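In: what follows is a predicted structure for the sequence shown.
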Amino acid sequence: MIEISDKAKSIIDQMIIENNDKNLFLRVGIDDGGCSGLSYNIKLDDSISEFDKFTQNDNFKVVWDNRTEEYLEGITIDYMNQGMTGGFTIDNPNAKATCGCGASFRTATFKGTRKKCD
C-alpha cells in the first residue's frame, strides 16, 4: 500500500524517539486544498479511529483514513536532503498533476479545491 524508503524510516524512527512516546505512529493523509487541489498531510499521531487502516513498518505503524486510501495506494515516501534543508517527498502513481513544490496533486477522477499555497 504505502512504501517508505530506508532514509525516511530512519528519520521517522528518530522523530518518534525524540518525542519519547512509543505510542506514536506515522499518519498519512490528504486534505482538500493546495495549488493543485489536494495536499498531503504527514504527521506523527497517537490516536487511531475505527475508520483507520494501518500497516506495521519496521519500528512504527503507518496509518491512513480509509476515505483517502484510493489516493494513497502505491505511494512511496522518501526523505531528501537539499542544501541546508530536508523534507519528506511523496511519489504518487495516482497523481495526474502536481504543483511545483510537490506538496499538492490531483488525480484523473478528483481535482479537489485549488487554493493558494502558504
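Out: Okay, I see it.
In: gap between the closest residue in space to residue 61 that isn't next to it in sequence and residue 44?
Out: Distances taken as C-beta to C-beta, 6 or more residues apart in numbering put residue 25 closest to residue 61, at 3.8 Å, once the chain neighbours are dropped. No exception for glycine: its C-beta is placed from N, CA and C like everyone else's. Look at residue 25 and residue 44: by C-beta to C-beta, to the nearest Å, they are 7 Å apart.
In: and if you look at residue 97?
Out: Counting by C-beta to C-beta, the gap from residue 97 to residue 44 is 29 Å.
In: the two: which has the busier surroundings?
Out: Neighbours per residue (other C-beta atoms under 10 Å) separate residue 97 from residue 44, with residue 44 holding more: 16 against 12.
In: and that one, what element?
Out: In the assignment (DSSP states H and E), residue 44 maps to strand 38-45.
In: quick check, distance from that strand to the centre of its chain.
Out: 5 Å (C-alpha atoms, centre = their mean, to the nearest Å).
In: do the same with stretch 30-50
Out: Worked out by C-alpha atoms, centre = their mean, stretch 30-50 lies 7 Å from the chain centre.
In: quick one, what contacts residue 94?
Out: 70-75, 105, 107 (C-beta atoms under 8 Å, 6 or more residues apart in numbering).
In: ok, residue 25 next?
Out: Contacts for residue 25 (C-beta under 8 Å, 6+ apart) come out as 44-46, 48, 54, 60-63.
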